[in-house]
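Let me see the structure of the following:
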Amino acid sequence: MSDVDSVGYQHVPDAEGGAAGRTWWDANAVEYLDEHGAFLGGAGFRWGPEGLTEAEAGLLGDVAGKRVLEVGAGAAQCSRWLAGRGADVVATDVSHGMLAGGAALDAAAGVRVPVVQADARDLPFAHESFDVVFTSFGAIPFVPDGVRVHAEAARVLRPGGRWVFSVTHPLRWAFPDDPSLRGLTATRSYFDRRPYVERDAAGRVLYAEYHRTLGDHVREVVAAGLRILDVVEPEWPSWNDEVWGGWGPERGAYLPGTAIFVTERPPLAR
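As a prediction, this is how the structure comes out:
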């Protein structure tokens with residue numbers, strides 16, 4: 001954004017940092033979709049910049065006839081793909097701008113996905129109303145209290161249902177945000193949990209992104225009463241020459257960029 005005056009890793013009040021995502025994504029939705037729309041596809045499902053698709057990974061299981069919720073959906077590309085596979089899907093995002101960007105994609109794909117503007121930490125759905133909940137890089141990186149996202153996912157899941165989420169691989173936070181070989185030298189402590197923050201000239205937080213170690217993610221999932229089934233670390237494929245922020249083929253050949261956690265709400269005891 002042109003009005004960014006300073007950037008750095010620093011502590012910010014939780015309320016201020018957690019609220020920045022809505023206005024940032026509203027302001028940047030058009031630019032983001034213009035830059036990454038072709039890679040994501042209007043009705044495509046990629047788990048991260050490596051390009052791993054749900055068709056390849058099958059992390060959500062068979063969704064045909066299932067009630068599915070996407071949180072942090074952006075323009076609902078993933079939900080649109082799932083609808084084409086027979087899922088009864090609803091997409092949510094905190095940003096009206098991102099959801100509005102999905103309207104044109106609905107028309108192009110010929111698939112209309114129901115959308116709801118909602119914070120992933122406070123979902124407007126009944127208990128045990130979905131079979132699957134997921135997010136591809138949504139919600140969790142942009143809030144200081146990720147455990148609330150997991151707790152809400154667990155609340156709206158039926159017993160035995162899956163909650164699957166992808167995030168920046170925690171290891172990457174020790175390295176500069178550089179997709180070239182220069183990004184292979186660690187410059188920060190992996191254990192430094194201060195968020196990355198962008199401020200304007202008046203000191204207002206425009207953007208905040210939060211780091212959690214691998215152990216932090218595990219503890220937050222377990223605290224929500226969920227069980228981890230798998231952690232997927234996609235390798236960078238030879239076909240992908242896309243450079244996306246700190247992700248790219250040069251560094252991707254050496255360091256993981258994405259972690260995908262596959263979890264479930266334990267089924268009822270018999």
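
list the contacts for residue 59?
47, 134, 162, 164, 230, 232, 260, 262 (Cβ atoms under 8 Å, 6 or more residues apart in numbering). All C-beta atoms are positioned from the backbone trio N, CA, C, and that covers glycine.

just how off-centre is stretch 79-93 within its chain?
Remark: stretch 79-93 is offset 16 Å from the chain centroid, using Cα atoms, centre = their mean, to the nearest Å.

Give me the buried stretch members for that stretch, please.
By neighbour count on 16 or more other Cβ atoms under 10 Å, the buried set for stretch 79-93 is 79-83, 85, 87-93.

export those residues to JSON lines and tack on pLDDT and distance to residue 102?
Shown next, in JSON lines, are the buried residues of stretch 79-93 (pLDDT from 0 to 100; distance: Cβ to Cβ, whole Å):
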{"residue": "79", "pLDDT": "97", "distance to residue 102": "9"}
{"residue": "80", "pLDDT": "96", "distance to residue 102": "8"}
{"residue": "81", "pLDDT": "96", "distance to residue 102": "12"}
{"residue": "82", "pLDDT": "97", "distance to residue 102": "14"}
{"residue": "83", "pLDDT": "96", "distance to residue 102": "12"}
{"residue": "85", "pLDDT": "95", "distance to residue 102": "18"}
{"residue": "87", "pLDDT": "98", "distance to residue 102": "16"}
{"residue": "88", "pLDDT": "98", "distance to residue 102": "17"}
{"residue": "89", "pLDDT": "98", "distance to residue 102": "12"}
{"residue": "90", "pLDDT": "98", "distance to residue 102": "12"}
{"residue": "91", "pLDDT": "97", "distance to residue 102": "7"}
{"residue": "92", "pLDDT": "97", "distance to residue 102": "11"}
{"residue": "93", "pLDDT": "96", "distance to residue 102": "9"}
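
what about the stretch 1-150 of the chain, any weak spots by pLDDT?
Residue ranges of the stretch 1-150 of the chain with pLDDT under 70: 1-2.

ok, 50 please
For the stretch 1-150 of the chain, residues meeting the criterion pLDDT under 50 lie at 1.

Quote the end-to-end distance of stretch 48-59.
The first and final residues of stretch 48-59 sit 13 Å from each other (Cα to Cα, to the nearest Å).

Quickly name whichever of the buried residues of stretch 79-93 is closest to residue 106.
residue 80 (7.2 Å; Cβ to Cβ).

Nearest spatial neighbour of the closest one, chain-adjacent residues omitted?
Once flanking residues are discounted, residue 80 sits nearest to residue 43: 3.9 Å by Cβ to Cβ, 6 or more residues apart in numbering.

So the one you found belongs to a helix, correct?
No: the assignment for residue 43 (DSSP: H, G, I helix; E, B strand; the rest coil) gives coil, which keeps it out of a helix.

Identify those among the contacts of residue 59 that sit within strands.
Mapping the contacts of residue 59 onto strands (DSSP state E) picks out 134, 162, 164, 230, 232, 260, 262.

thinking again about what came up before, spatially, which two of the buried residues of stretch 79-93 are the most separated?
85 and 93 (20.8 Å).

pretty sure residue 246 contacts residue 179?
Yes: judged on Cβ atoms under 8 Å, residue 246 makes contact with residue 179 at a distance of 5.5 Å.

For my notes, confirm residue 69 occurs in a strand.
Yes: assessed with three-state DSSP, residue 69 lies in a strand.

Please report the distance of it from residue 114.
Noted for residue 69: a distance of 10 Å to residue 114, by Cβ to Cβ, to the nearest Å.

quick one, which of the two is more surrounded?
When residue 69 and residue 114 are compared for neighbours, residue 69 comes out ahead with 29 against 12, by other Cβ atoms under 10 Å.

What's opposite that one in the beta bridge?
According to DSSP bridges, the partner residues bridging residue 69 are residue 90, residue 133.

list the contacts for it?
Contact analysis of residue 69 by Cβ under 8 Å, 6+ apart lists 89-92, 123, 125, 130, 132-134, 156.

Go through the residues you listed and name the one nearest residue 13.
Closest approach to residue 13 among the contacts of residue 69 (Cβ to Cβ): residue 123, at 23.8 Å.

Now the phi/psi pair for the closest one, please.
Main-chain dihedrals, residue 123, degrees, to the nearest 10: phi -80, psi 140.
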